[in-house]
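J.: Need the 3D shape of this:
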Amino acid sequence: MAETKKRHKHEPKAPPEEMPREADRQSGSVDGGPQPDVRFAVESEVETVPAAEFDQLKKELEETRAKSAEYFDGWQRERADFSNYRRRIERDQALVHQNAAGSITKKYLPVLDDLERALKARPTEGEAAAWSEGIELIYRKLQSILEAEGIHRMPAEQEMFDPTRHEAIMQEDSPDHQSGQVIEVVQPGYLIGDRVLRPALVRVAR
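T.: As a prediction, the model looks like this:
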């Protein structure tokens, strides 16, 4: 037993296992032998789509694009129709408001005419002059209320007679005016928006 232990003591040590070389580590081979091409293995596993299936997919894609374009065109048409409908409703509402405001305020136009006639003959001296200033304030306030409702006076002086805007109460000769021209506005006309609320009463040159 002692001889066996002694012989083992003097036996040379086994050489250490060699470390893999740098080139082997970079190439993925520890023992330096060739390694399988991983990229080739992955590509070999990809299945090729059959031509018939590819054509079917292409056809389905084209049909989907066609339906998408059709739906988009329909959506645009519906949006345009809704915009037109909304504008029509807003226009109708504005017209209803104008008619209601016109039918009410038209009753106050004779009051405005009376105030204008009173101011044309207003006194310039004494206590009556101060009183007439109060009448003018009332007149201007009434005008402001009408203008806030979109009602304003129609221009007619020196214009050519227009039967849609003017009402002639007299025709007479006038060397200073052309034939058919308005000589004088007897009673002013009024517009509500672009519509005639009350035509102007005028004298017209022959």
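
J.: helices or strands up against the helix or strand Glu53 falls within?
T.: Secondary structure from DSSP states H and E places Glu53 in helix 51-105. Contacts defined by 3 or more CB pairs under 8 Å, 6 or more residues apart in numbering; DSSP states H and E place helix 51-105 against strand 151-153, strand 190-192, strand 195-198. Using the backbone N, CA and C atoms, a C-beta is placed for each residue, glycine as well.

J.: Helix or strand next in line after it, which one?
T.: Following helix 51-105 toward the C-terminus (DSSP H and E): helix 109-120.

J.: just the angle between whichever helix or strand comes after that following helix and helix 109-120, please?
T.: Later in the chain than helix 109-120, the nearest helix or strand by DSSP H and E is helix 126-148. Calculated by axes from the mean of the first three to the mean of the last three CA atoms, to 10 degrees, helix 126-148 forms an angle of 140 degrees with helix 109-120.

J.: which other residues reach helix 126-148?
T.: Helix 126-148 has contacts (CB atoms under 8 Å, 6 or more residues apart in numbering) with 105, 108, 111-112, 115-116, 118-119, 122-123, 152, 190.

J.: Give me the below-cutoff pLDDT ranges for this structure.
T.: Low-confidence segments of the chain (pLDDT under 70): 1-49.

J.: At the geometric centre of it, which residue sits there?
T.: The structure's the chain has its C-alpha centroid closest to Ser83; by CA atoms, centre = their mean the separation is 9.6 Å.

J.: so which of the contacts of helix 126-148 comes closest to Pro175?
T.: Closest approach to Pro175 among these (CB to CB): Glu116, at 28.5 Å.

J.: Would you check how far apart the closest one and His177 are?
T.: When distance is defined by CB to CB, to the nearest Å, Glu116 is 23 Å away from His177.

J.: quick one, which of the two is more surrounded?
T.: His177 (18 against 13; other CB atoms under 10 Å).

J.: need the contact list for the nearest residue to the more buried one once chain neighbours are set aside.
T.: Setting aside the residues directly before and after it, His177 is nearest to Ala205 in space (CB to CB, 6 or more residues apart in numbering), at 3.9 Å. By CB under 8 Å, 6+ apart, the contact set of Ala205 is 171-174, 177-183.
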